[in-house]
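Asker: Have a look at this fold, sequence not included:
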Ligand code: 5GP
C-alpha cells in the first residue's frame, strides 16, 4: 500500500490517498482542539492512542455486525479506511446527562437517561455545530429520511455493543459523537471513536477519562487516554 498525497486536513487527523482508489489512510496527530476549534493544544501520544483505541472499537463493532470504514491498522498513527462521503450530521448518543444537554435543558448533571437520548447536530464549526432535528436535516438536504432513520438505528446499536464492553473494563460510556459516511450505496460508521469523541467515566470513582480533562484544564490528560487503552488491551488479553 503506497501512501500518496494529503487530500484532507482536519483538526486532529489528516487523510491521504493511496495507490488503491478504494483505500485511504487516516493519520492521527497529537493536536487537540475544543469548543469548535477555539481552544488548541497538544496532547502527547494522543494520535497513537486514539488510533489504537478506535481500532479496538471498530473491531468490536464489526463483531456486532455494524458496518464501519475501518479496514486495518497500518502503524501506531495510521488507520486504513474506505473512502466515504461524510454525512454532515453528527449523531450524539447520551446515557447520562452532562455537557451541553445540561446547559440547554433542565436535566440534572449525572442523571441516567433511559432510554438513551439521540441528538443530531449540524457539522459546521463556523456555526458552532448547532443542534438540529430530522426536519432541519431534510430541508438542508443533509440526508434522506431513510438515512436519518438508519443513522439513529446504528447509533443505538453501537451504544448497545460498546456499553457492556466498556463496563467490563470498568468504564462508563456516558455519551459519544458519531459520524457516518456513504459507501457503496449504504451507510458506514466513519471518523473515530476515542476519548476525543466520547465521555468515559471510571465506573467506581466517576473520574473523567476523556477530552473533558483538556476542555476543563484538569491535567493528567495523556494518563487518562493511556489508561483507557491499557484497560481495553488487558480485556483483549483475558
Ligand atoms: P456535548 O454536546 O455534551 O458537548 O458532547 C456530547 C458528546 O459528543 C461528548 O462525548 C463529546 O465529546 C462529543 N462531541 C460532540 N461534538 C463533538 C465534536 O464536534 N467533536 C468531538 N471530538 N466530540 C464531540
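Answerer: Done, it's in. What you see is a predicted model, and the numbers here were worked out from it, not measured in a lab.

Asker: going forward, measure contacts between C-alpha atoms and count neighbours the same way
Answerer: Will do.

Asker: Mind telling me what element residue 91 is part of?
Answerer: According to DSSP states H and E, residue 91 maps onto strand 89-96.

Asker: okay, now the closest residue to residue 224 other than its chain neighbours: neighbour count?
Answerer: If the residues on either side of it in the chain are set aside, residue 224 comes closest to residue 209, at 4.8 Å by CA to CA, 6 or more residues apart in numbering. By other CA atoms under 10 Å, 25 other residues sit near residue 209.

Asker: and residue 209, what is it in contact with?
Answerer: 195, 199-202, 221, 224-225, 227-228 (CA atoms under 8 Å, 6 or more residues apart in numbering).

Asker: so which of those residues comes closest to the ligand?
Answerer: residue 199 (4.3 Å; CA to the nearest ligand atom).

Asker: Helix, strand, or coil at residue 58?
Answerer: Recorded secondary structure, residue 58: helix (DSSP: H, G, I helix; E, B strand; the rest coil).

Asker: Torsion angles phi and psi at residue 199?
Answerer: phi -100, psi 120 (degrees, to the nearest 10).

Asker: who touches it in this structure?
Answerer: 173-176, 208-212.

Asker: Please list which of those also come close to the ligand.
Answerer: 175-176 (CA under 6 Å from any ligand atom).

Asker: Could you save the contacts of residue 199 as CSV and add columns showing secondary structure?
Answerer: Supplementary listing: the contacts of residue 199 in CSV, determined by three-state DSSP:
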residue, secondary structure
173, strand
174, strand
175, strand
176, strand
208, strand
209, coil
210, coil
211, coil
212, helix
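
Asker: in the helix or strand hosting residue 224, what counts as buried?
Answerer: According to DSSP H and E, residue 224 maps onto helix 221-237. Burial within helix 221-237, assessed by neighbour count using 16 or more other CA atoms under 10 Å, is assigned to 221-222, 224-226, 228-229, 231-232.

Asker: Please apply the same query to stretch 180-187.
Answerer: In stretch 180-187, counting by 16+ other CA under 10 Å, buried: 180-183, 187.

Asker: so of these, which ones are in strands?
Answerer: Counting by DSSP state E, the part of the buried residues of stretch 180-187 found in strands is 180-183, 187.

Asker: what's across from residue 27 in the sheet?
Answerer: Counting by DSSP bridges, residue 27 is bridged to residue 14, residue 78.

Asker: Distance-wise, check it relative to residue 53.
Answerer: Distance of residue 27 to residue 53, given as CA to CA, to the nearest Å: 14 Å.

Asker: what pLDDT does the residue most central in space within the chain get?
Answerer: For the chain, the residue nearest the mean C-alpha position is residue 193 (3.3 Å; CA atoms, centre = their mean). Per-residue pLDDT puts residue 193 at 98.

Asker: what secondary structure does it sit in?
Answerer: Per three-state DSSP, residue 193 ends up coil.

Asker: That one is in contact with residue 179, isn't it?
Answerer: No - if you go by CA atoms under 8 Å, residue 193 and residue 179 don't touch, sitting 9.4 Å apart.

Asker: As JSON lines, the buried residues of stretch 180-187 with pLDDT and distance to the ligand would be great.
Answerer: Formatted as JSON lines, the buried residues of stretch 180-187 follow (pLDDT from 0 to 100; distance: CA to the nearest ligand atom, whole Å):
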{"residue": "180", "pLDDT": "99", "distance to the ligand": "14"}
{"residue": "181", "pLDDT": "98", "distance to the ligand": "16"}
{"residue": "182", "pLDDT": "98", "distance to the ligand": "19"}
{"residue": "183", "pLDDT": "98", "distance to the ligand": "22"}
{"residue": "187", "pLDDT": "98", "distance to the ligand": "20"}
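
Asker: Three-state assignment for residue 206, please.
Answerer: Relying on three-state DSSP, one would call residue 206 coil.
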